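Student: Please find the sequence and the predicted model below.
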Amino acid sequence: MAKNMLQIARAAIDQMPPACRFTSRDGEVIRAHEQFLLALEPELITLFYDTLFGHPPTAEVFIDGERPAREQTLAGWWRRTAAGPLDDHYFAWMAEVGLAHVFRGVGNPMMLAMAELVATFVVKQARQAPLRPADSAALAEAFARLVSTVSAVITHGYDESLTSALSLARVRALTGPSAAGNRRTRREALNSRPETSV
């Protein structure tokens, strides 16, 4: 049975070492800097899409005239991220967003690179802002863990979907018309799939 996005997000987060994963305290830090983060939106969006459109492999993902709509989508994500809540449902949404990107032809290398671009941008802005050094450091660390966790959720969602698709293809190959002589049932085929390890 396919896992839902909430299960995928939780499984990804559970695999992360606790020191590296996003915490409720990180959420509080980000929420405390909501206005600061929201003020970064125009610059972030310009940087983000100039970067994508300036690189032929990522530019190919888009259709002509699509940039304004995609900028609005990123703005919506940014506002939700700044305002919260950054809870299980947020990370389930990130798993879904990751798969939507894959369907568009955006590979994990592209997604992870852009996640890093966002994290680096926030860290740089936090260091240059008129914040107390302790607040600047806390925001940079919280946002780095957020991006790390979102990246883990996205890549795990992709891995789970690929595994599910391969299992389904295997079942169809074993139980379809070309395998009419094979007496294995669908359940037997699913149960015999190799286990993956970390």
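Tutor: Perfect, thanks for sending it.

Student: Just the pLDDT for Gly65.
Tutor: Among the per-residue scores, Gly65 shows a pLDDT of 95.

Student: Ramachandran angles for it?
Tutor: phi 80, psi 10 (degrees, to the nearest 10).

Student: distance of it from Glu71?
Tutor: According to CB to CB, to the nearest Å, Gly65 and Glu71 sit 12 Å apart. All C-beta atoms are positioned from the backbone trio N, CA, C, and that covers glycine.

Student: Please tell me I have it right and Tyr90 contacts Arg80.
Tutor: Yes. Taking contact to mean CB atoms under 8 Å, the distance of 7.2 Å between Tyr90 and Arg80 places them in contact.

Student: which one of those two has more residues nearby?
Tutor: Each of Tyr90 and Arg80 had its neighbours counted (other CB atoms under 10 Å), and the higher figure belongs to Tyr90 (20 against 13).

Student: Contact partners for that one?
Tutor: If you count contacts by CB atoms under 8 Å, 6 or more residues apart in numbering, Tyr90 has them with Arg80, Thr81, Gly84.

Student: again, but for Arg145
Tutor: For Arg145, the contacting residues are Cys20, Arg21, Phe22, Thr23, Asp26, by CB under 8 Å, 6+ apart.

Student: The first one in helix, strand or coil?
Tutor: Spelled out, that is Cys20. On the three-state scheme (DSSP: H, G, I helix; E, B strand; the rest coil), Cys20 is labelled coil.

Student: Could you check which of Gly65 and Glu71 is surrounded by more residues?
Tutor: Glu71 (16 against 7).

Student: and the more buried one, what helix or strand is that in?
Tutor: When secondary structure is defined using DSSP states H and E, the element that contains Glu71 is helix 67-83.

Student: now do Ile45
Tutor: Assignment of secondary structure by DSSP H and E places Ile45 within helix 41-53.

Student: right, and the helix or strand after that helix?
Tutor: Toward the C-terminus from helix 41-53 - assigned by DSSP H and E - lies helix 56-59.

Student: Go through that next one and flag the buried ones.
Tutor: Within helix 56-59, the residues that qualify as buried are Thr58, counting by 16 or more other CB atoms under 10 Å.

Student: Looking at the contacts of Tyr90, spot the one nearest Ala59.
Tutor: Here the nearest of those to Ala59, counting by CB to CB, is Thr81; it sits at 24.7 Å.

Student: The residue most central in space within the chain and His55: what is the separation?
Tutor: Relative to the mean C-alpha position of the chain, the nearest C-alpha, by CA atoms, centre = their mean, is the one of Ile154, at 3.4 Å. Distance, Ile154 to His55, by CB to CB: 19 Å.
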